[in-house]
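Novice: Provided below for reference: sequence and predicted model.
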Amino acid sequence: MPVIPYHHIHRIDNERSRTHAWRVHIQRRNRVVIRYFSDNRYGGKQAAIKAALRYRDALLKDSRERRDNLWRRNRKRRNNTSGIVGVGRYISCDRKGNRVRERIYWHAFWDGSDGRRQRKFSVNRYGERRARELACRARSQALRALILSP
């Protein structure tokens, strides 16, 4: 599963404290791992980011944790009103002058290989039943493609 290039890595440049480093910050199963990669210690900004990327990739390599995280995200919660994990009905309101426009849609969420993914299906365009059906189908197809991909 490819990882987003600087996912879990942040740049710190603080002139006041003379801190120039990359920070790797990962939380898994209520365990937080934070490590700094200083430009000075690693011989420059590019060398420090390479070391940070290697460290981050080694931490995320454990596939068991990724499977557990996928299981946790695919568990039905108490506040689920749609009955389908990762699919929900939402209403958003847009104000334009004195008018308020209400948009009702079914929203499908899933974790793709390149991060959090989503699709929305308008109730005004498809109707209530069809929009829900399309959201459920989009999520199941995306998860199937994710499982079948190498």
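Specialist: Cool, got the structure.
Novice: following the worst-scoring helix or strand of the chain on mean pLDDT, which helix or strand comes up?
Specialist: Per-element confidence for the chain was summarised using mean pLDDT, DSSP states H and E. The lowest value among helices and strands belongs to helix 63-73, with a mean of 54. From helix 63-73 onward toward the C-terminus, using DSSP states H and E, the following helix or strand is strand 87-96.
Novice: So what touches stretch 41-49?
Specialist: For stretch 41-49, the surrounding residues in contact (C-beta atoms under 8 Å, 6 or more residues apart in numbering) are 9, 20-22, 37-39, 50-51. (Each C-beta comes from the backbone N, C-alpha and C, glycine too.)
Novice: Quick one: mean pLDDT over the helix or strand residue 54 falls within.
Specialist: Element membership for residue 54, per DSSP H and E: helix 45-60. Helix 45-60 carries an average pLDDT of 90.
Novice: In CSV, please show the C-alpha coordinates belonging to that helix.
Specialist: Once side chains and other backbone atoms are set aside, the C-alpha atoms of helix 45-60 remain, and they are given as CSV (Å, rounded to 0.1, in the frame of the first residue of the first chain):
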residue,chain,number,x,y,z
LYS,A,45,17.4,19.2,4.8
GLN,A,46,17.4,16.6,2.0
ALA,A,47,19.3,14.0,4.0
ALA,A,48,17.1,14.6,7.0
ILE,A,49,13.9,14.1,5.0
LYS,A,50,15.2,10.9,3.5
ALA,A,51,16.0,9.5,7.0
ALA,A,52,12.5,10.6,8.3
LEU,A,53,10.9,8.9,5.3
ARG,A,54,12.8,5.6,5.9
TYR,A,55,11.9,5.7,9.6
ARG,A,56,8.2,6.4,8.9
ASP,A,57,8.0,3.7,6.3
ALA,A,58,9.6,1.2,8.7
LEU,A,59,7.0,2.0,11.3
LEU,A,60,4.1,1.7,8.9
